[in-house]
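In: sequence and computational prediction follow.
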Amino acid sequence: MRGDRRQPDPRLVALAVVVVLAVAAVPFVASTYVVTVALRMVVLSLFALAFNIVFGAADMPSLGHAALFGTGSYVVGLGMVRWDWPFPLVVVAGLTAGALLGIVMGIATLRTQGIYLLLLTLAIGQAVWGLAFQQVRLTGGDNGISRIDRSVLTLGTDGVVGFYWAAVAVVAAAAALLYWFRISIVGTTIEAVGMSPSRLRALGFAVGSARITAFGVSGAFSALAGMLMALGNRFVSPENLAWQLSAEVMLFAILGGASWFAGPVLGVVLVIGTEVVVKDLTDRWPMVLGGLYVLTMLFLPDGVLGALSRRRRDSGGGPDPQPGRDPGPASDVSRGRDSGVATNTGATT
Amino acid sequence: MSFGSLLFLLASGLTLTFGLMRTVNLAHGAFYALGGYIGLEVIDRTDSWGLGLVVAVVVVAVAGVVVERVLLHRLLGRELPQILLTVGVAWIIGDVILAVWGGRPRTLPRPPGLDGVLRLGGLTFPWFRLGLVVLAVVVFVVLERSLATTLVGARIRAAVDDEETALAVGIDVPLLFAVTFAAGAGLAAFAGIWGGAFTGLRPGTEWDILLLALVVVVVGGLGSMRGAFVAALLVGVLDEFGKWLFPSFALFTLYAPVAVLLALRPRGLFGREERVA
Amino acid sequence: MTAPAVETVGLGRSFGGVRAVHDVSLSVPVGETRAVIGPNGAGKTTLFNLLSGHLDPSTGRIRLFGEDVTDRPAHRRSREGLSRTFQLSNLFADLTVLDNVRLAVAGNDPAARRRFWQPLRTLPRVDDRAREVVATFGLESVAATVEADLAYGQQRVLEIAMALAGEPRVLLLDEPTAGVSRAAAEVITAIVADLPADLTVLVVEHDMEVAFALADQVTVMVEGAELVTAPPAVVRRDPDVIAAYLGTAEVGGPRDRAADA
């Protein structure tokens, strides 16, 4: 994440609170249909935030994250419809399954990076999808599992609006936990892995453990999002495990801005918002989605937040960031501040 | 064996573009499908299989050039954005196909003269399948030799390694990349004409085929033509094997071993050791 | 007699057919400052990567204070008291200077590592030590600046600060003055000269003046092998060393800074 966010900026915290309240207020000002759209955005936002631990923070491009999301969904489907488990057990099982699968993915990818990691996670995701697709007796195959009964939660969540508020509360709490995770020592270590694993090793941290932890935590929270999705739709199918979902969550993160904590959420809003609008007008949503992928990669590689941040810098908001990765000679010429090496001015922060 | 041959035809184009340009073209399946549908359209109108083949390959090759020059080239060297951009292109092509040709499953006719079977000592071999196998071998030999030994192959590899130097030495880099990508797309369309006769075409083909091609290319080792050949045969066998022995696990028995192999040996069977950054 | 701080026995590393490091047997006593010099491609950085554990040797053993660490991964060697800087900027670009140093301190603090769930800045012992280090290296004015925004010279100083934050027993400096201005090079050289006497330092340097000024002993490497190890004055006059450098530059002459990329 950019900037000095070891210390949560009070303005940003206030903004987050306002956003949560605004999101919670949707049922008062909009139709049930809009609430279902908002619910989808809220749940996918959690998924995208969880994904970004592995992608934006640790710089591991996983194309198998739908497997983690879908695992949560299927635990709900199987546990509640097939096996009649008490709800608390379903929750624990879902989180644990997500964490465990995440750890497996983390261990499997220890020796890979870049495109090889991408393809390996894709293969793992497809293996899980294949299981769900073809174990028809257990999972219902392509038809999935339906009639998930929400009334068991007995929190007034049977109705759309009731569940929506429950989901908003859960996601807000989860997002706060994820933020705390990112600024903790282990979270910072994970980010350092994404920036320079060799330097991190040189400082005494175990890079492998950091990577596995990233996948495990990401897995648990992704599964949580999947559980919410299954409960929200009252339905789960192999679509929850499809690689297209894995690609889409990567699009969310990139389009919003993977270097910022909340970037993926912005990506969710932009993509799903566009989807809802486009689907209302035409059948050609896949074409528009394809266009979104193309335009994002060509023009917004740092995402919307990245483009905005660059514009702020260019208009005099601050110094240009040095790439810092090429040790060009004589590039430490003074830029109007301290020369070459800072001298001891006695000022403290 | 014949399914494996089809897989190789399909994977060869992917291997070509990755091996020479380090570009993973996830629109490859869409080029396959587009080739198949265009071929079908031409054959329907003109009753000429040969014409259908030629038109399909040419049109898709041109489309490939356009994609490479206009879109992909701006992302040269940046693997992840390239991959996702081609995903976008695939979505677009897939939707165009749907809009133009609709959702009804279609099958292409087999090449004239390859209907019927060959009888050898009590065994029957459909000519079509034999043709596929022969074709795969021919394509493999041609590609493998021309890449390894010709000047063109060397020039392309030089250009990928260091575009600036290649340009300075006088290698026409834009032309080379365009030609390579066109060849890859053309190969996909070519495979589409044959595959469309073998397994048919329907909405979603572009993704199913892509996943299979990816598995082959990755198991064989990204960029290795030899690896693609071996892996295609292996995957073909594994696919049959899985369907036969473990019908309800077939997809799993395909992807799970691939995942294990990649986890233990990321470069696949014949891939080059990657230079770690 | 106490064991040497750093000792290698027949250390070697090959890449395919190329022997980047070949049969190097070093012995660096505790507290010595050893410069490692040699023409380009002599294997100096490879040697450092082998010592720090970022690269596995093809042959040979490595000992730290008498203990064989050849099979220990890099992060464990760091916890044993081995620290290093890198030749190319290996930044935590998005972290501030202070956070970089906090991370460096935490890396060598088992208690801090155990409290992994806590926000980085809330561990007082880590925070105090980090601020102390930042002050020592004159970086307070940029403590809240993201590392990517620093001037290059400041980045190099920060790297050294981070390497020292964990109070190491052995420090490997890989071309600490490469690519920095004259002024910055002087500051960095002064920092290295001022290091504690009991800290064992190995420095790879292209700049002969700096190397000879800092070092107690100089090891000259050529094509992956050790040519000679001797005090600077001796090395300067050694005919084999001079021959090895013929065609690159004079030994000990001023070098064009801008060429050091």
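Out: Cool, got the structure.
In: tell me how far residue B:49 lies from residue B:34.
Out: For residue B:49, the distance to residue B:34 (CB to CB, to the nearest Å) stands at 18 Å. Glycine gets a C-beta too; all of them are placed from N, C-alpha and C.
In: make that residue B:197, sorry
Out: 16 Å.
In: of those two, who's got more company?
Out: The residue with more neighbours, out of residue B:197 and residue B:34, is residue B:34; 27 against 22, by other CB atoms under 10 Å in any protein chain shown.
In: which neighbouring elements make contact with the host helix or strand of that one?
Out: If you go by DSSP states H and E, residue B:34 is part of helix B:28-46. Packing contacts for helix B:28-46, counted by 3 or more CB pairs under 8 Å, 6 or more residues apart in numbering or on different chains; DSSP states H and E, involve helix B:2-21, helix B:49-66, helix B:79-101, helix B:173-198, helix B:205-220.
In: output these as TSV; include the columns mean pLDDT and distance to residue A:93.
Out: Output for the helices and strands packed on helix B:28-46, formatted as TSV (pLDDT from 0 to 100; distance: least, CB to CB, whole Å):
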stretch	mean pLDDT	distance to residue A:93
helix B:2-21	85	39
helix B:49-66	93	48
helix B:79-101	94	33
helix B:173-198	88	42
helix B:205-220	88	30
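In: list the buried residues of the helix holding residue B:34.
Out: Neighbour-count burial for helix B:28-46 flags B:28-43 (criterion: 16 or more other CB atoms under 10 Å in any protein chain shown).
In: enumerate the residues of the stretch 51-200 of chain B near chain A.
Out: Residues of the stretch 51-200 of chain B lying close to chain A (CB under 8 Å from any CB of the partner chain) are B:71, B:74-75, B:78-85, B:87-96, B:98-99.
In: buried ones among those residues?
Out: When those are checked for burial by 16+ other CB under 10 Å, the buried set is B:71, B:75, B:79-85, B:87-96, B:98.
In: heading C-terminal from the helix or strand where residue A:271 lies, find the next helix or strand.
Out: Residue A:271 belongs to helix A:263-281 when assigned by DSSP H and E. Following helix A:263-281 in sequence order, the next helix or strand is helix A:285-299 (DSSP H and E).
In: quick one: is that next one near chain B?
Out: Yes. Using CB under 8 Å from any CB, we find that helix A:285-299 touches chain B at A:286-287, A:289-294, A:296-298.
In: could you point out which element follows that helix?
Out: Sequence-wise, the next helix or strand downstream of helix A:285-299 (DSSP H and E) is helix A:303-312.
In: what residues are up against residue C:137?
Out: C:157-158, C:160-161, C:191 (CB atoms under 8 Å, 6 or more residues apart in numbering or on different chains).
In: for residue A:219, which residues are in contact?
Out: By CB under 8 Å, 6+ apart, the contact list for residue A:219 reads A:50, A:68, A:71, A:98-103, A:105.
In: distance of residue C:5 relative to residue A:198?
Out: For residue C:5, the distance to residue A:198 - CB to CB - is 22 Å.
In: what about the two, which has more around it?
Out: Between residue C:5 and residue A:198, counted using other CB under 10 Å, residue C:5 has the larger neighbour count: 25 against 17.
In: list the buried residues for stretch A:229-237?
Out: Under the neighbour-count criterion of 16+ other CB under 10 Å, stretch A:229-237 has A:229-237 buried.
In: strands of the stretch 1-150 of chain A, residue ranges please.
Out: In the stretch 1-150 of chain A, the strands defined using DSSP state E, counting those that start in this stretch lie at A:145-146.
In: burial count for the residue of it found nearest chain B?
Out: Nearest residue of the stretch 1-150 of chain A to chain B (CB to the nearest CB) works out as residue A:130 at 2.9 Å. Counted with other CB under 10 Å, the neighbours of residue A:130 add up to 21.
In: surely it and residue B:251 touch.
Out: Yes. Between residue A:130 and residue B:251 there is a contact under CB atoms under 8 Å: 2.9 Å.
In: tell me the contacts of the closest residue in space to residue C:219 that isn't next to it in sequence?
Out: Nearest-residue entry for residue C:219: residue C:229, 4.5 Å, with adjacent residues in sequence omitted and distances by CB to CB, 6 or more residues apart in numbering or on different chains. Contact partners of residue C:229, counting by CB under 8 Å, 6+ apart, are C:26, C:217-220.
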